[in-house]
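K.L.:
everything below, folded, please.
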Amino acid sequence: MQLVGSKVIHKLFGSGVITEYTGRYITVSFAAGDKKFVYPEAFRTSMRAADPQLSLAIHQVLFQDRPCGDSLQYFLVFQNQTFRQE
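P.N.:
Model prediction:
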């Protein structure tokens, strides 16, 4: 899964691009500046990948220990949430 260079949408900061991935953290460049987040936890509620396939892959990482149905249901609900885009 290629994270660096991927576009994301954050609820507070809007659109950004992942510029660095260091195993446990990602750095995202937003118009307001660079922000560092814990990966993959940041994708639980406040951020999503702009690419639906990458978003699904990230959610599979988040829910790898849960039954498949729970993960898919959460992913579908999460994808329908409204995010501020700039």
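K.L.:
and the longest strand belonging to the chain, which residues are buried?
P.N.:
Looking across the chain with DSSP state E, the single longest strand is strand 14-21. For strand 14-21, burial by neighbour count (16 or more other Cβ atoms under 10 Å) applies to 15, 16, 18, 21. Quick note: C-beta positions are derived from backbone N, CA and C, even for glycine.
K.L.:
same question for stretch 44-60.
P.N.:
Buried residues in stretch 44-60, counting neighbours by 16+ other Cβ under 10 Å, are found at 47, 48, 49, 54, 55, 57, 58, 59, 60.
K.L.:
least confident secondary structure element in this structure?
P.N.:
Of all the helices and strands that make up the chain, helix 68-79 has the lowest average by mean pLDDT, DSSP states H and E, namely a mean of 54.
K.L.:
which stretches of the protein have low pLDDT?
P.N.:
In the predicted model, the chain carries pLDDT under 70 at residues 65-86.
K.L.:
could you pull out the strands for it?
P.N.:
Taking DSSP E, the strands of the chain run over residues 7-10, 14-21, 25-30, 33-38, 47-49.
K.L.:
I'd like those strands as JSON lines, with distance to residue 1 appended.
P.N.:
Putting the strands of the chain into JSON lines (distance: least, Cβ to Cβ, whole Å) gives the following:
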{"stretch": "strand 7-10", "distance to residue 1": "13"}
{"stretch": "strand 14-21", "distance to residue 1": "10"}
{"stretch": "strand 25-30", "distance to residue 1": "12"}
{"stretch": "strand 33-38", "distance to residue 1": "16"}
{"stretch": "strand 47-49", "distance to residue 1": "10"}
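K.L.:
need the max-distance pair from the buried residues of strand 14-21.
P.N.:
Greatest spacing in these, by Cβ to Cβ: 15 and 21 (18.0 Å).
K.L.:
quick check: residue 30 touching residue 12?
P.N.:
No - the criterion here is Cβ atoms under 8 Å, and residue 30 misses it with residue 12 at 9.2 Å.
K.L.:
lovely, talk soon.
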